[in-house]
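Enquirer: Below are the sequence and a predicted model; questions follow.
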Amino acid sequence: MRGLPALIWDGSVLDAEEGIRFRGKTIPDIQKELPKAPGGQEPLPEGLFWLLVTGEIPTQEQVAELSKDWAARAAIPEFVEEILDRCPPTLHPMSQFSLAVTALNHNSAFAKAYQDGINKKEYWGPVFEDCMDLIAKLPNIAGRIYRNVYGRGKLPAIDATKDYSHNLANLLGFGENPAFVELLRLYITIHSDHEGGNVSAHTGKLVGSALSDPFLAYGAALNGLAGPLHGLANQEVLVWLRKMQEKIGEEPTDEAVKEYIWSTLKGGQVVPGYGHAVLRKTDPRYTAQREFALKHLPEDKGFRLVGQIYNLVPDILLEAGKAKNPWPNVDAHSGVLLTHYGLTEMQYYTVLFGVSRAFGVAAQLIWDRALGAPLERPKSYSTAAIQKMFKDK
Ligand code: CMX
C-alpha cells in the first residue's frame, strides 16, 4: 500500500526528501519555537502535544499547566502495578508495556460512557480524557518496568513541580543528570509522530476505529512498535553494534566495518537503523540526535562508531541494490545516546519510543472521534481472485 492515499492524519506529514513536519513545522522549527524548560534548550514534549492537537504553538504558561495536569493524572491502579510486578524479568519490556497499557482500559472514561449510551457527537470528550490519562500514566509504567526488570530499586513519586521528561528521567533513576533530562525532551519530541501510515500509528488508528478505547488502541499500537522492522530497530541497532565490536574491536578500521556490514547482508539480515518505507534521505530525526551528540558527547566511542557506519553503510546498501533508501533512520542513533548516559539495557529502548509515540497516536484518536471517523475496513481479495482479475491483461 506504499504511496496509496488512504488515511487522514493531521498531526504530521512526512515528505520523502525533507522528512517530518509537525503541523507544518520541521524539527529545527519546533526546536526553535516550542517552549523550553527553565535553563533548557530542547523543546518540551508537552508543547509538541499541544501543537499536534490544536495546530498552535502554546505559551510557556500553557505548557506548565499541561505538565501539572499530567503529573496529577500519573498514578496507575494498584492492580496494574501488581501485573507488572508479577511479570518475569525475562518477559520483554515491550510485552510488559503493552500488557499494562491494555489493562488501563479498566478505568476508561470512553468505555464507560459508551456503555452508558453516549451520543456519538460527544465521543471526543471522554476520548480526550482517556488520551490525557494514557500519556500521563506512561512514565509510571515505563519506570516500573525498568526498575523491576533491571533490579533498580523502588520507584520514586512523581514530582508535580517537574515537567514530563524530568519526571520520566527521575523514575528511571537519571533525573539528577540535566543532560539526560534534555535528551529525553528531545527524544520524546522527535519520536512522537511520523504521520499515519507507519505500523504503530496506523494500528492505533485502526483499532480506535472499532471504538476500542485509547488504552486498547494504544496497547495494540505498542505491539506493532515492538517489531524489529519498526520501533524495535533501536534495540537491534545496539545489539548489532555490540556484536560488531565483539568481533572486530571497539575502534575498528573502515575495512573491517565494511566487511561486517557485508556479512550481515550476505547472512540474509537487514542492517538495522537503515532504510525507510517513505524517507529517501537521511532522517532529520537522525540529524537532530547527531547534533545533540556533537554538542554533548563528541568524543564518545559509540557515537564515533555510529558516525563511521554512517559514512559506510549507504554506499554498501546502494551497491547491494535492494534497499530503496540507503540512509539512516531515527533508530540508527538513539541507542548510543542512551548508552552514553548509563541507560545501557538495550532491550528497554523501544519502551522509550513507546512513551513518545503515544503523543502522536493520542492526538489523532481525539480528532478521529471528534470528526466521526468511520470504521476502517479495506477490501481484500484472495490470490485466486487477483489471478482471475489479471488473467487476460
Ligand atoms: N538492510 C538490508 N536490506 C534492506 C534494508 C536494510 N537496512 N532496507 C531495505 N532492505 C531490503 C528489504 O528487506 C527489501 O528486500 P526484499 O526485496 O528481499 O524483501 C528491499 O531492500 C526493498 O525494501 P524497501 O522497499 O527499501 O524497504 P521497505 O519499505 O520494504 O522496508 C524498512 C522499510 C524500514 C522495514 C527497511 O528499510 C528495513 O528493514 N530497515 C532495517 C530495519 C529498521 O531500521 N527499521 C526501522 C525503521 C524506522 C522505524 O519504524 O522505527
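Expert: Arrived safely, thanks for sending. Residues are numbered from 1 along each chain as shown.
Enquirer: Quick one: the helices in the stretch 151-300 of the chain, in order.
Expert: Using DSSP state H, counting those that start in this stretch, the helices of the stretch 151-300 of the chain run over residues 164-172, 178-191, 199-209, 214-225, 233-248, 254-266, 284-296.
Enquirer: Out of those, the one nearest the ligand is which?
Expert: Minimum separation from the ligand across those (C-beta to the nearest ligand atom) falls at helix 233-248, 3.5 Å. (Each C-beta comes from the backbone N, C-alpha and C, glycine too.)
Enquirer: So the closest one, near the ligand or not?
Expert: Yes - using C-beta under 6 Å from any ligand atom, helix 233-248 reaches the ligand at Ala233.
Enquirer: the longest helix in this protein is where?
Expert: Across the chain, the longest stretch assigned as helix under DSSP state H is helix 124-150.
Enquirer: For that one, enumerate the helices and strands it packs against.
Expert: Applying 3 or more C-beta pairs under 8 Å, 6 or more residues apart in numbering; DSSP states H and E, one finds that helix 124-150 makes contact with helix 60-72, helix 78-86, helix 93-103, helix 109-115, helix 164-172, helix 214-225, helix 349-370.
Enquirer: buried residues in the shortest one?
Expert: Same thing as helix 109-115. Buried residues in helix 109-115, counted by 16 or more other C-beta atoms under 10 Å: 109-111, 113.
Enquirer: average pLDDT across that helix?
Expert: Helix 109-115 shows a mean pLDDT of 98.
Enquirer: quick one on the thing from earlier: mean confidence for the longest helix of the chain?
Expert: Helix 124-150 comes out at a mean pLDDT of 98.
Enquirer: Go ahead and measure how far that helix is from the middle of the chain.
Expert: Remark: helix 124-150 is offset 14 Å from the chain centroid, using C-alpha atoms, centre = their mean, to the nearest Å.
Enquirer: All further residue positions should be reported with the first residue as 437.
Expert: Let's use 437 as the start, then, which means that last one is helix 560-586.
Enquirer: re earlier: out of the buried residues of helix 545-551, who's nearest the ligand?
Expert: Phe546 (27.8 Å).
Enquirer: Confirm for me that that closest one is in contact with Leu652.
Expert: No - look at Phe546 against Leu652 with C-beta atoms under 8 Å: they stay out of range, at 9.7 Å.
Enquirer: Overlap in contacts, these two.
Expert: By C-beta atoms under 8 Å, 6 or more residues apart in numbering, Phe546 and Leu652 have no common neighbours.
Enquirer: how big is the angle separating the longest helix of the chain from helix 785-806?
Expert: 170 degrees (axes from the mean of the first three to the mean of the last three C-alpha atoms, to 10 degrees).
Enquirer: how big is the angle separating helix 560-586 from helix 529-539?
Expert: Note on geometry: by the same axes, to 10 degrees, helix 560-586 and helix 529-539 are set 140 degrees apart in direction.
Enquirer: Give the burial count for the residue in the chain positioned nearest to the ligand, as a bare number.
Expert: Closest residue of the chain to the ligand, C-beta to the nearest ligand atom: Gly711 (2.2 Å). By the criterion of other C-beta atoms under 10 Å, Gly711 has 21 neighbours.
Enquirer: Tell me the secondary structure at the spatially closest residue to it that is not a sequence neighbour.
Expert: In space, Gly711 comes closest to Ala759 once its chain neighbours are excluded; the distance is 4.6 Å by C-beta to C-beta, 6 or more residues apart in numbering. Put simply, Ala759 is coil when judged by DSSP: H, G, I helix; E, B strand; the rest coil.
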